[in-house]
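Peer 1: here are the coordinates; sequence isn't available:
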């Protein structure tokens, strides 16, 4: 029922995660109401993201340069490395401004069920980075899932002979959560990571 160009735009929006038919239609009709220069900016921005964005040659975070602004900076704490599963995590930490160390972004988390094995997640590059620096601590900042836990344990095993402190983000029961809706892994982690009340 739609003209082909509008139908193609609707179908294109549906490629995005979480976008169904109704939302895709709403977005497509919104594009029709934009000014020509806004549509041009939108189009150019999408093309730029695809053509200019790449992984930092050192830490894998998304950047337009060979090295990201974090790796170029001389103001970072070179003693601590935070290993994350994607660049979104880096940008979240940076937005919070609470971490001043270095980062490394894995290609994925180990998940044999999905065909993602240790050799698929970029460990060689991570180990090279660790070897080339004198990190005193490595923090694993993965989501609290089986894949996150498996990846943490695997890397920890590789690094067990090094004199580097290995830690992970604290996990547990979020404030205001109803106990009956908390998954067993979160509950188990909260119990094992319990703190003494001062």
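Peer 2: Received it, and whenever you're ready, just let me know what you need. Just so it is clear, the structure is predicted and the values come from calculations on it, not from any experiment.

Peer 1: alpha carbons only for contacts and neighbour counts from here, please
Peer 2: Noted.

Peer 1: distance of residue 95 from residue 88?
Peer 2: 10 Å (C-alpha to C-alpha, to the nearest Å).

Peer 1: So for the two, which sits in the more crowded spot?
Peer 2: A side-by-side neighbour count of residue 95 and residue 88, using other C-alpha atoms under 10 Å, places residue 88 first with 13 against 10.

Peer 1: could you point out which element follows whichever strand or helix holds that one?
Peer 2: Residue 88 is part of helix 87-96 when elements are defined by DSSP states H and E. The helix or strand immediately downstream of helix 87-96 is strand 102-105, counting by DSSP H and E.

Peer 1: which outside residues touch that following strand?
Peer 2: Residues from elsewhere that reach strand 102-105 (C-alpha atoms under 8 Å, 6 or more residues apart in numbering): 59-61, 70-71, 76-78, 80-87, 90, 126.

Peer 1: report the longest helix in this protein, please.
Peer 2: Longest among the helix segments of the chain by residue count, using DSSP state H, is helix 36-52.

Peer 1: Quickly list the domain ranges of this protein.
Peer 2: Annotated domains of the chain cover 4-52, 55-192 [automatic domain parsing].

Peer 1: Could you state which residue of the chain sits nearest its centroid?
Peer 2: Centrality entry for the chain: nearest residue to the mean C-alpha point is residue 86, 2.3 Å, by C-alpha atoms, centre = their mean.

Peer 1: Would you mind confirming that it makes contact with residue 121?
Peer 2: No. Residue 86 is beyond contact range of residue 121, at 11.0 Å (criterion: C-alpha atoms under 8 Å).

Peer 1: Now the common contact residues for those two.
Peer 2: 106, 107, 108.

Peer 1: Would you mind listing which of these are buried?
Peer 2: Neighbour counting with 16 or more other C-alpha atoms under 10 Å marks 106, 107, 108 as buried within those.

Peer 1: can you list those in JSON lines and add distance to residue 183 and pLDDT?
Peer 2: Shown next, in JSON lines, are those (distance: C-alpha to C-alpha, whole Å; pLDDT from 0 to 100):
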{"residue": "106", "distance to residue 183": "26", "pLDDT": "96"}
{"residue": "107", "distance to residue 183": "26", "pLDDT": "94"}
{"residue": "108", "distance to residue 183": "23", "pLDDT": "93"}
